[in-house]
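Student: Need a 3D model of the sequence below.
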Amino acid sequence: LPSRGANGAVSFPLGRERWRAARTVHFPNDVVFQDHIKQGDLEQVGRFIRTRKVALDTIYPSGMAALHEAVLTGNLDCVKLLVKYGANIHQRDENGWTPLHMACSDGYADIARYLMELGASPEATNDAGEKPADLVDPDYKELVELFEAATMD
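Tutor: Now for the predicted structure:
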């Protein structure tokens, strides 16, 4: 630790650089990756995936995979990036929720539409037996219309 001399100057017995290095905190790649997803930092998300620092199918301590985390941010571009690199649109979290369940629950019609265009099943049930449409708030008109149109097809 630094100490003050008689003249008030701070001295670093290990040398300034070694002292700073001893204070550096490193987080696991998965934690940093999740943070980049939550922040919507597409450049860093892509870099982590391209350098194979993370596996996209990992279920994090939050109980969700990377794609679930991206859906919860409402960031369609991040969702698209993860899917481009192989994220599974059918993957379930620890409660059996698919990314489509999350998009519907949180009112993200653009993400729900995108996932359904890729083949996400509106019939998938979570551990509580709920389908994505069961989680749609009636005030989310765009989502209500999306599922009405899907049932007509």
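Student: List the residue ranges of this structure that fall below the pLDDT cut-off.
Tutor: When residues are selected by pLDDT under 70, those of the chain lie in 1-26, 153.
Student: Contact partners for the residue nearest to the spatial centre of it?
Tutor: Centroid-nearest residue in the chain: Glu69, 2.4 Å away (criterion: CA atoms, centre = their mean). Neighbouring residues of Glu69 by CB atoms under 8 Å, 6 or more residues apart in numbering: 34, 37-38, 60, 62. For the C-beta atoms, the positions are set from N, CA and C on the backbone; glycine is no exception.
Student: Next secondary structure element downstream of the helix or strand harbouring it?
Tutor: In the assignment (DSSP states H and E), Glu69 maps to helix 66-73. Per DSSP H and E, the first helix or strand lying C-terminal to helix 66-73 is helix 76-84.
Student: other SSEs contacting that next one?
Tutor: Packing partners of helix 76-84 (3 or more CB pairs under 8 Å, 6 or more residues apart in numbering; DSSP states H and E): helix 42-50, helix 66-73, helix 109-117.
Student: okay, the ones you listed in a markdown table with distance to Lys141 next?
Tutor: A markdown table is the format used below for these (distance: least, CB to CB, whole Å):
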| stretch | distance to Lys141 |
| --- | --- |
| helix 42-50 | 29 |
| helix 66-73 | 20 |
| helix 109-117 | 9 |
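Student: Name the stretch among the ones you listed that sits most buried.
Tutor: helix 66-73 (a mean of 25; mean count of other CB atoms under 10 Å).
Student: roughly how far apart are the residue lying closest to Met64 once chain neighbours are set aside and Val144?
Tutor: Using CB to CB, 6 or more residues apart in numbering and skipping residues adjacent in sequence, the residue nearest Met64 is Asp93, 4.5 Å away. Asp93 sits 24 Å away from Val144, taking CB to CB, to the nearest Å as the criterion.
Student: Name the residue in the two with the higher neighbour count.
Tutor: Shown here are Asp93 and Val144; by other CB atoms under 10 Å, Asp93 has more neighbours (21 against 15).
Student: circling back to that earlier point, from the contacts of Glu69, which single one is nearest Ala150?
Tutor: Ala150 lies nearest to Ile37 out of those, by CB to CB, at 27.4 Å.
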